[in-house]
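> with the sequence up front, the predicted model follows.
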Amino acid sequence: GENVEQHPSTLSVQEGDSAVIKCTYSDSASNYFPWYKQELGKRPQLIIDIRSNVGEKKDQRIAVTLNKTAKHFSLHITETQPEDSAVYFCAAFKSGTYKYIFGTGTRLKVLA
Amino acid sequence: KAGVTQTPRYLIKTRGQQVTLSCSPISGHRSVSWYQQTPGQGLQFLFEYFSETQRNKGNFPGRFSGRQFSNSRSEMNVSTLELGDSALYLCASSSGGLGTEAFFGQGTRLTVV
């Protein structure tokens, strides 16, 4: 069935270093890929998204890349800060299904 | 603009009971989705409603049901609760268009004892 695999499940980086989280989706017809950040005890919030007709998108320290051939997309966070510590979820969406398929999450810890 | 509001925030129920959770979407949003969040499983899709119609349903037993009212508010009901139903239940609202951002509520933490 349709699924999204996300790696790693936990990631620790030193403040100022970069962090990369990778996701692979199974349904090649997926056409929208958001990333959500969930801080402890809070709601998931969208941090960046990408559509299938775009290969890369950047917003300040955050970027997402998409490789449709490999059915693979990644989140890149540069110059990490302690406030980046949270759980990050990737998701895939296919038009007409009205649902997001989420990865299992990555717990990012930024060490000061 | 007010965000997505879920009530109640916390619930403790006994096995076999039933529970109803409520979600008020952002004003103007007609799509409401429900997700179950458990440790290690991430967010699992329950169902999605748009203009009072269920457009999709996830792989959950029939004990899980939902509905949407004409004002776009949605409710989710779980009958005959099991211990495994303990989870954070999140609802998300969006305008319903192609690939539009889903805004999540704070969730309802359900504990079944």
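Cool, got the structure. Residues are numbered from 1 along each chain as shown, chains lettered A, B, ... in the order given.
> residues from chain A in reach of chain B?
With Cβ under 8 Å from any Cβ of the partner chain as the criterion, chain A meets chain B at residues A:6, A:31-32, A:34, A:36, A:42-46, A:49, A:51, A:89, A:91, A:93, A:95, A:97-105. Where you see a C-beta, it was placed from the backbone N, CA and C, and this is true even at glycine.
> what average pLDDT does stretch B:101-113 get?
Averaged over stretch B:101-113, pLDDT sits at 96.
> now swap in stretch B:35-52 and tell me
92.
> on that earlier part again, pull out the buried residues from the residues of chain A next to chain B.
A:6, A:31-32, A:34, A:36, A:43-44, A:49, A:89, A:91, A:93, A:97-105 (16 or more other Cβ atoms under 10 Å in any protein chain shown).
> ok, now which ones touch whatever residue of chain A ends up closest to chain B?
At 3.3 Å from chain B, A:Tyr32 is the closest residue in chain A, using Cβ to the nearest Cβ. By Cβ atoms under 8 Å, 6 or more residues apart in numbering or on different chains, A:Tyr32 lies in contact with A:Asp49, A:Ile50, A:Arg51, A:Ser52, A:Ala92, A:Phe93, A:Lys94, A:Ser95, B:Leu98, B:Gly99.
> again, only this time at 10 Å
Residues near A:Tyr32 by Cβ atoms under 10 Å, 6 or more residues apart in numbering or on different chains: A:49-52, A:91-95, A:100, B:98-101.
> quick one on the thing from earlier: filter the residues of chain A next to chain B down to the ones in strands?
Among the residues of chain A next to chain B, the members found in strands (DSSP state E) are A:6, A:32, A:34, A:36, A:45-46, A:49, A:51, A:89, A:91, A:93, A:100-102.
> in stretch B:84-99, what's buried?
B:85-96, B:99.
> now do stretch A:57-67
Using 16+ other Cβ under 10 Å as the test for burial, stretch A:57-67 gives A:Ile62, A:Ala63, A:Val64, A:Thr65, A:Leu66.
> end to end, how far does that stretch reach?
Stretch A:57-67 has an end-to-end distance of 12 Å (Cα to Cα, to the nearest Å).
> ok, and what's touching it?
A:18, A:20-25, A:33-35, A:37, A:47-56, A:72-81, A:84, A:90.
> in ChimeraX, select just the buried ones from the residues you listed.
The ChimeraX selection below is limited to those of those classed as buried (16+ other Cβ under 10 Å):
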select /A:20,21,22,23,24,25,33,34,35,37,47,48,49,50,52,73,74,75,76,77,80,84,90
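> which SS class is the most centrally placed residue in chain B?
Centroid check for chain B by Cα atoms, centre = their mean gives B:Trp34 as the closest residue, at 3.3 Å. At B:Trp34 the chain is in strand, as set by DSSP: H, G, I helix; E, B strand; the rest coil.
> let me know whether it touches B:Ala102 as I believe.
No: judged on Cβ atoms under 10 Å, B:Trp34 makes no contact with B:Ala102 at a distance of 11.3 Å.
> what do the two both touch?
By Cβ under 10 Å, 6+ apart, the residues touching both B:Trp34 and B:Ala102 are B:Glu48, B:Leu90, B:Cys91, B:Ala92.
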